[in-house]
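> have a look at this prediction, sequence included:
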Amino acid sequence: MATTLRVRNGSSNSFNKFWRKHSQDIVLPILGLLGFLIVWQLASMTGLIKLPPPSEIITNERTRTYLMYPFFDRGGIDKGLFWQTMASLQRVLIGYSLAAVVGIAMGILVGLNPLINKALVPLFQFLRTVPPLAWVPIALAALQQNQPAALFVIFITAIWPILINTTVGVQQIPQDYINVRKVLKLSNQKFFFKILIPSALPYIFTGLRIAIGLAWLAIIAAEIVMSGIVGIGFFIWDSYQNNYIPDIILALFYIGSVGLILDRGMAFLQTKIAPEQ
């Protein structure tokens, strides 16, 4: 009995400590979201905006089906929002992974070689300003298929922050570290793993975190104009074409939630792999 009480007291104390430390981080965002939804509801009900209120997610029968049954699959593109989101997320992870590998490798090469840097950085700065939607017709014309074109749009959108931040990180390696390499006559392999990567890692993760958000934005934009594929972006466009506005509102909550999870997940990974000094 005493042991059970001690366990319960310990659990209660742990929860109390956690709540005291993180209560504002939990409560304030919830209050902010509720405030936003209330303002939206009132603005819609009074006619200030033409959008339906957020309550239609529940009151609209079609949208309520998507809300309550996210896992249904009737074949083709008639799927629940879970599968629509997972299809988009799968494309993002493939394109983003390719962008990470190529971007980090190119960033290291450009950062270490001043001549290559001068030759390519202006081109990189030029290409990175092209919006994701502008790449869609080029990708479709070159690749002729929706899936490869979508992956290319994700890749070409996500690669620039990774490449540029990696380049900056390599260029910011302290001169003292370079001198140590010369004095100790470190091999290229030891220099790469012992000096270059640890020094540039914070910059690399900054690029990776920016890129994951851009990749998620890019797939939504790409899917909107790529008809007939399973994905949350095409779901939004198809709902708009059929005037299913509450469906779009629900899909936006999915998009925002996944984007938040991706960003916080990358931030958590950064704290574990490349903690601030």
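Structure received.

> point out where the stretch 1-150 of the chain drops to low pLDDT.
1-13, 15, 18, 22, 25 (pLDDT under 70).

> mind running it again at 80?
The model of the stretch 1-150 of the chain has pLDDT under 80 over residues 1-29, 47, 49-51, 54-55, 57, 76.

> which stretches in the stretch 101-250 of the chain count as helices?
Secondary structure of the stretch 101-250 of the chain (DSSP state H, counting those that start in this stretch): helices at 114-127, 132-143, 146-171, 175-184, 188-191, 197-224, 232-241, 245-273.

> buried sites along the shortest one?
Neighbour-count burial for helix 188-191 flags Phe191 (criterion: 16 or more other CB atoms under 10 Å). For glycine as for every other residue, the C-beta is placed from the backbone atoms N, C-alpha and C.

> ditto for stretch 157-176
Neighbour count says stretch 157-176 has 157-170, 173 buried, by 16+ other CB under 10 Å.

> again, but for stretch 84-92
In stretch 84-92, counting by 16+ other CB under 10 Å, buried: Gln84, Thr85, Met86, Ala87, Ser88, Leu89, Arg91, Val92.

> how near is the spatially closest residue to Ala251 that is not a sequence neighbour to Lys79?
Nearest in space to Ala251, with sequence neighbours left out and distances taken as CB to CB, 6 or more residues apart in numbering, is Ile236 at 5.1 Å. According to CB to CB, to the nearest Å, Ile236 and Lys79 sit 14 Å apart.

> just Leu42 next, same as before
Distance from Leu42 to Lys79, counting by CB to CB: 34 Å.

> could you do Gly111 as well?
Noted for Gly111: a distance of 44 Å to Lys79, by CB to CB.

> counting neighbours, go ahead and name the busier of the two.
Gly111 (23 against 20; other CB atoms under 10 Å).

> what pLDDT is listed against the spatially closest residue to that one that is not a sequence neighbour?
Among residues not flanking Gly111 along the chain, Val170 sits closest, at 2.8 Å (CB to CB, 6+ apart). Val170 is assigned a pLDDT of 82 by the prediction.

> please apply the same query to Phe155.
So, for Phe155, pLDDT stands at 92.

> can you report how many residues lie near it?
Each residue near Phe155 was counted by other CB under 10 Å, and the total is 22.

> just Ala215 next, same as before
Neighbour count for Ala215, taken as other CB under 10 Å: 28.

> what score does it have for pLDDT?
Reported pLDDT at Ala215 in the predicted model: 90.

> now do the same contact list for the residue nearest to Ala251.
Ile236 makes contact with Ile220, Ile224, Ile248, Ala251, Leu252, according to CB atoms under 8 Å, 6 or more residues apart in numbering.

> now Val153: how far from Ala99?
Distance from Val153 to Ala99, by CB to CB: 11 Å.

> pick out whichever of the buried residues of stretch 157-176 sits closest to Leu201.
Checking the buried residues of stretch 157-176 against Leu201 by CB to CB gives Gly169 as the nearest, at 7.4 Å.
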